[in-house]
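Chemist: Please find the sequence and the predicted model below.
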Amino acid sequence: MKVSFNTPINRVSFGQVSIALLREAYAKKHDVISLPISQPDVSSIESPSKDNAEFVKWVDQSVERFGTEHTSSRPTFKLWHLEIVNGFNKVSDNQSLMTFHELDNLTPLEVNIAKNNPKLIVTSKYTQEVFASNGVDAHYVPLGFDKHSFNVINKNYHTDNRIVFNLSGKFEFRKHHAKILKAWAKKYGNDKRYALQCAVFNPFLSDQLNNQTISNALDNERYFNITFLPIMQTNETYNDYLNSSNIVIGMSGGEGWGLPEFQSVALGKHAVIMDAHGYKGWANRENSVLVGSTGMVDCIDGIFFKKGDSQNQGKIFDFDEDDFISGCEEAIKRYQANPVNESGLRLADDFSYEKCYDNILNILNE
């Protein structure tokens with residue numbers, strides 16, 4: 001099978017998905033050549049293992065070969081935003097663009113970019129419905145669990161019986177981080193029975209702005225049981241972080257999938273998850289405590305979503321703080337009844353990157 005990749009290869013979510021799919025192509029011994037979007041960075045997966053070293057060498061060779069071997073007729077998988085710089089670029093007549101979208105609408109620019117890609121792939125049925133309402137046809141392909149990077153670690157992280165919550169993702173209004181922090185601190189702040197670990201550093205903001213945003217969210221108060229972690233440079237470190245919790249919080253107002261939350265539940269963690277958007281692709285009442293939405297609010301935050309822009313305009317789902325805390329209480333009960341989320345563990349097999357990659361190939365070959 002010959003296929004070209006036009007994707008980012010780095011530590012953030014787009015890059016992690018790309019690396020996982022490249023690894024599937026590598027495992028299947030497919031003839032892959034790559035045109036990376038931005039400078040490639042595989043530092044998140046680099047380790048002394050022979051398998052990783054050989055895979056990284058294969059990726060490097062796929063990049064080196066692209067310029068002399070790619071043709072406009074070669075099936076090409078692209079992973080990127082619906083934005084004007086790279087979204088319009090078509091490197092093949094047989095190109096499938098996978099994109100993540102979180103809002104309830106598309107702008108005219110986004111519609112035009114989507115329609116100028118021969119085939120479109122989204123990772124959320126909600127997104128598929130939003131696109132369809134704007135006259136855009138899109139294939140639905142769920143993401144997978146990356147078994148190469150994430151696995152259950154059987155070790156004790158704490159000597160006491162504290163119940164640890166995790167909150168992840170780049171800090172921003174869309175993900176409701178500030179609202180979650182305020183509600184959790186009000187209920188559990190400075191209570192030694194509980195702890196909240198936050199991996200929410202936003203690499204697109206300065207250190208000063210990150211710190212100020214977090215301080216504002218907590219009304220300049222400090223809580224001994226709420227900790228904020230720096231950026232984790234490797235998947236090995238991040239896997240350790242995911243394993244160190246008992247309950248993961250996923251109350252974002254809009255997600256194409258929700259990788260940190262999904263990975264956590266697939267590792268057997270209990271979860272408080274908003275019953276909306278991309279979360280609905282994998283979260284159900286058996287593996288998560290679902291919290292219903294109370295409606296929708298404008299996504300505008302003045303940083304990543306600016307009023308009047310030609311893209312990223314629309315609404316996100318909202319929630320009631322009391323409903324969220326009730327969800328936390330139910331998740332605590334589930335954890336106390338059985339520390340391992342057995343239903344969650346099944347996600348690692350139900351959703352694999354092998355299936356994801358095969359679905360993408362089927363679309364390319366239609």
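Modeler: Cool, got the structure.

Chemist: Can you tell me the centre-most residue of this structure?
Modeler: The residue at the geometric middle of the chain, judged as the C-alpha nearest the mean C-alpha position with C-alpha atoms, centre = their mean, is Leu259 (3.3 Å).

Chemist: ok, that residue - contacts?
Modeler: With C-beta atoms under 8 Å, 6 or more residues apart in numbering as the criterion, the residues that contact Leu259 are Ser13, Gln16, Val17, Leu143. In this view, the C-beta of every residue, glycine as well, is placed from N, C-alpha and C.

Chemist: Which residue in those residues has the weakest pLDDT?
Modeler: Sorting the contacts of Leu259 by confidence puts Ser13 at the bottom, with a pLDDT of 92.

Chemist: follow-up on the earlier one: quick one, phi/psi of the residue nearest to the centre of the chain?
Modeler: With angles defined as degrees, to the nearest 10, Leu259 sits at phi -60, psi -50.

Chemist: Count the neighbours of Tyr223 for me.
Modeler: 16 (other C-beta atoms under 10 Å).

Chemist: so how far is Phe173 from it?
Modeler: Plainly put, Tyr223 is 22 Å away from Phe173 if you go by C-beta to C-beta, to the nearest Å.

Chemist: neighbour-wise, which of the contacts of Leu259 leads?
Modeler: The member of the contacts of Leu259 surrounded by the most neighbours (other C-beta under 10 Å) is Leu143, with 27 neighbours in all.

Chemist: I'd guessed that residue sits against Gln263; true?
Modeler: No - the criterion here is C-beta atoms under 8 Å, and Leu143 misses it with Gln263 at 10.1 Å.

Chemist: Where does pLDDT dip in this protein?
Modeler: 46-50 (pLDDT under 70).

Chemist: What segments of the stretch 1-150 of the chain are strands?
Modeler: 2-6, 31-34, 76-79, 95-99, 119-122, 139-140 (DSSP state E, counting those that start in this stretch).

Chemist: measure Trp80 to Gly295 for me?
Modeler: Between Trp80 and Gly295 the computed distance is 31 Å (C-beta to C-beta).

Chemist: neighbour-wise, which of these two wins?
Modeler: Trp80 (21 against 9).

Chemist: neighbours around Asn190, how many?
Modeler: When neighbours are counted by other C-beta under 10 Å, Asn190 registers 12.

Chemist: what helix or strand is it on?
Modeler: With the criterion set as DSSP states H and E, no secondary-structure element contains Asn190; it sits in neither a helix nor a strand.

Chemist: my read: it touches Arg222, true?
Modeler: No - counting by C-beta under 8 Å, Asn190 sits too far from Arg222 to count as a contact (9.2 Å).

Chemist: Can you show me the strands along the stretch 201-350 of the chain?
Modeler: With DSSP E, counting those that start in this stretch as the criterion, the stretch 201-350 of the chain has strands at 226-228, 247-250, 270-274, 289-291, 295-298, 315-318.
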